[in-house]
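**Q** Build me a model from this:
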Amino acid sequence: MSTADDASALYLGLISGTSADGVDVALVSFEQGLPQLRAALTHPWPEALRERVLALAQDLTAFNLDSFGRLDIAVGRHFADAARALLQTSGTAPSAVRALGSHGQTVRHRPGGEAPFTLQIGDPTVIAETCRIDVVADFRRADVAAGGQGAPLLPAVHAMLLGQPGASRVVLNLGGIANITVLGPEGQVLGFDTGPANGLLDAWCLEQRGEPFDRDGAFAAAGKVDAPLLEALLADPYFTLPPPKSTGREHFHLAWLVRQPRVALLSPADVQATLLELTAHTVADAIEACAPTATDVLVCGGGVHNSRLMARLAEWLAPRRVASTATHGIDPDYLEAAAFAWLARQRVLGLPGNLPAVTGARGPRVLGALYLAPRE
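**A** Got it, this is the predicted structure:
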């Protein structure tokens, strides 16, 4: 299929991030190749299923193959439910959607070592069968097989939508993990994961207060940053690794935090304040090192709604301007889901989806596998 033949097609993009706080779904069209958000929603996880996903992602329980297989199917069904919910609310027939790009739920991401791999669950055959839409899934493994990190995959879309000739700017995605895309004045693109963001903040808030996230950063604002704990957390070797690099919940999780003896001596609010400062500090360090001339930092992802975190980022990054991507007409909550609709389109058209300068892969690769819907 050519890009001209595909110009009027609709695509769906689905992703559940590191925090597993909901499945984001975006209905996207493409005008002149650029993704345009038509409708979107976040489909919440049933708590019991979310707990199973997080237990596997954090290696908190031993999973045999039967348990893993059942969870893969359950997550696939949940993704299918999320897609059908958006189709219903937007009045879109499945036949109007050319393909659905499902990132799935990452449960392990280990792109280094002798046998690098990345693993996302959510059986795409279940999604294709249930939704009656062709599904593209398993986006990261081709890049890993080519020597890349398999992440981040958003910088190509960031560059299309937010790059500006002659300007140096950064797009900051505050998901469970924070990642940056550096957009150079001559079209250069660099991107990598800087470290933890909402994942640790949400996990600590849930454990200590029974609330799934720290609304407006109020929990963190009630505490004080503990310098010794912050210093100990910053000593993690990940932060000094050069890009390309990527990480996830299998590294930055609650066990990583509580192994620090200092945690038991502090109030829960002080720990939360220190975790928030860790995110701001490591993001600022990464931007200073890789984008010292950037004048703007445009923020997307769930962390954009944490006013305390946004304020600390603005202080750390001054005199750079820190603002939501909404100031440029890009919905910060669904940019990532829209990117996976774009990646699905790239696969359907047989075009590369990775940026080797970002991931470190040996070259451009067509990403994802295509799972055909029933034709009867």
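**Q** Gly175 contacts Gly301, doesn't it?
**A** Yes. In terms of Cβ atoms under 8 Å, Gly175 counts as a neighbour of Gly301; the distance is 4.5 Å. Placement of C-beta: from N, CA and C, glycine included.
**Q** so what sits against both of these two?
**A** Shared contacts of Gly175 and Gly301 (Cβ atoms under 8 Å, 6 or more residues apart in numbering): Gly17, Ala197, Asn198, Glu336.
**Q** What is the three-state secondary structure of the last one?
**A** The three-state label given to Glu336 by DSSP: H, G, I helix; E, B strand; the rest coil is helix.
**Q** Across the sheet, point out what pairs with the nearest residue to it once chain neighbours are set aside.
**A** Excluding the flanking residues, the one nearest Glu336 by Cβ to Cβ, 6 or more residues apart in numbering is Ile15, at 5.5 Å. For Ile15, the beta-bridge partners are Asp24 (DSSP bridges).
**Q** ok, Gly175 and Gly301, which is more surrounded?
**A** Gly301 (26 against 23; other Cβ atoms under 10 Å).
**Q** and the nearest residue to that one once chain neighbours are set aside, how many neighbours?
**A** Closest residue in space to Gly301, ignoring its immediate chain neighbours: Leu174 at 4.1 Å, by Cβ to Cβ, 6+ apart. For Leu174, the count of nearby residues is 25 (other Cβ under 10 Å).
**Q** pretty sure Leu174 is touching Leu298, no?
**A** No. Assessed by Cβ under 8 Å, Leu174 is found out of contact with Leu298, at 11.2 Å.
**Q** returning to what we had before: in helices, which of the shared contacts of Gly175 and Gly301 appear?
**A** The helices, defined by DSSP state H, take in Asn198, Glu336 from the shared contacts of Gly175 and Gly301.
**Q** Of the shared contacts of Gly175 and Gly301, just the buried ones, PyMOL syntax please.
**A** Listed next is the PyMOL selection for buried residues among these, using 16 or more other Cβ atoms under 10 Å:
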select buried, resi 17+197+198+336
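**Q** Distance of Ala373 relative to Ala146?
**A** When distance is defined by Cβ to Cβ, to the nearest Å, Ala373 is 28 Å away from Ala146.
**Q** how far away is the residue nearest to Gly301 from Phe79?
**A** With Cβ to Cβ as the criterion, Leu174 and Phe79 are 23 Å apart.
**Q** Same check on Ala339?
**A** The gap separating Ala339 from Phe79 is 16 Å, by Cβ to Cβ.
**Q** try Arg320
**A** 37 Å.
**Q** which residues in the stretch 51-200 of the chain form strands?
**A** In the stretch 51-200 of the chain, the strands defined using DSSP state E, counting those that start in this stretch lie at 97-110, 117-121, 135-137, 169-174, 177-183, 189-196.
**Q** want to throw those into CSV with distance to Thr89?
**A** Compiled in CSV, the strands of the stretch 51-200 of the chain are given as follows (distance: least, Cβ to Cβ, whole Å):
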stretch, distance to Thr89
strand 97-110, 14
strand 117-121, 25
strand 135-137, 20
strand 169-174, 25
strand 177-183, 29
strand 189-196, 32
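**Q** Looking at those strands, which is nearest to Leu10?
**A** The closest of the strands of the stretch 51-200 of the chain to Leu10 is strand 97-110. By Cβ to Cβ, the value is 5.0 Å.
**Q** can you give me the angle the closest one makes with strand 117-121?
**A** Inter-element angle recorded for strand 97-110 and strand 117-121: 130 degrees (by axes from the mean of the first three to the mean of the last three Cα atoms, to 10 degrees).
**Q** Can you list the strands that strand 97-110 pairs with?
**A** strand 10-16 (parallel), strand 117-121 (antiparallel), strand 135-137 (parallel).
**Q** Relative to Asp331, which of those strands is closest?
**A** Checking those against Asp331 by Cβ to Cβ gives strand 10-16 as the closest, at 12.4 Å.
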